[in-house]
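A.B. asks: Return a 3D structure for these sequence lines:
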Amino acid sequence: MLLGIGMIGVCLLALAVVTDSASAFIQQRELQSIADSIALAGAQGIDIEQYYRTGAGQATRLNSAQVLDIAKTHAVAMTADSEIALTNIEIEPDGTSVLVTLNAPLRLTFFDSLPFDPVTASASARLDYAP
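C.D. replies: Here you go, the predicted structure:
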């Protein structure tokens, strides 16, 4: 009987670990999807005047201010529909690329109630503008 109770305890612990691991994986994948989406949206901020003058060539660059504007607007829109609460959003345009780094705490079903520091997930995406 004691062995049976111990085996049930081990099975319940294994179920909790598997459930929280799967949840963390899904949340990290969603965070990566948001980072990719923000980088793609930010890359739409090309220098329109240069584009109209010369076309999509080597001289066409990303407009950093416009990239930041578009990316931040898209980040707000993406996180409004998501259950992920971002703690840190970094968007770094440099004229030819957009680098997005996101951090968010993981929401775990079983292990959130333990007295540990919250576990965070991070994702980054980089998009290089190449005409």
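A.B. asks: Identify each buried residue in stretch 90-106, please.
C.D. replies: Ile91, Pro93, Ser97, Val98, Leu99, Val100, Thr101, Leu102, Ala104, Pro105, Leu106 (16 or more other C-beta atoms under 10 Å). Where you see a C-beta, it was placed from the backbone N, CA and C, and this is true even at glycine.
A.B. asks: Quick one: end-to-end distance for that stretch.
C.D. replies: Distance between the two ends of stretch 90-106: 18 Å, counting by C-alpha to C-alpha, to the nearest Å.
A.B. asks: Considering helices and strands only, name the one in the protein with the lowest mean pLDDT.
C.D. replies: helix 48-54 (a mean of 80; mean pLDDT, DSSP states H and E).
A.B. asks: List the buried residues in that helix.
C.D. replies: Tyr51.
A.B. asks: Excluding chain neighbours, what is closest to the residue nearest to the spatial centre of the chain?
C.D. replies: Closest residue to the average C-alpha location of the chain: Leu31 at 3.1 Å, with C-alpha atoms, centre = their mean. If you skip the residues right next to it in sequence, Leu31 has Ala123 as its closest partner in space, 4.4 Å away by C-beta to C-beta, 6 or more residues apart in numbering.
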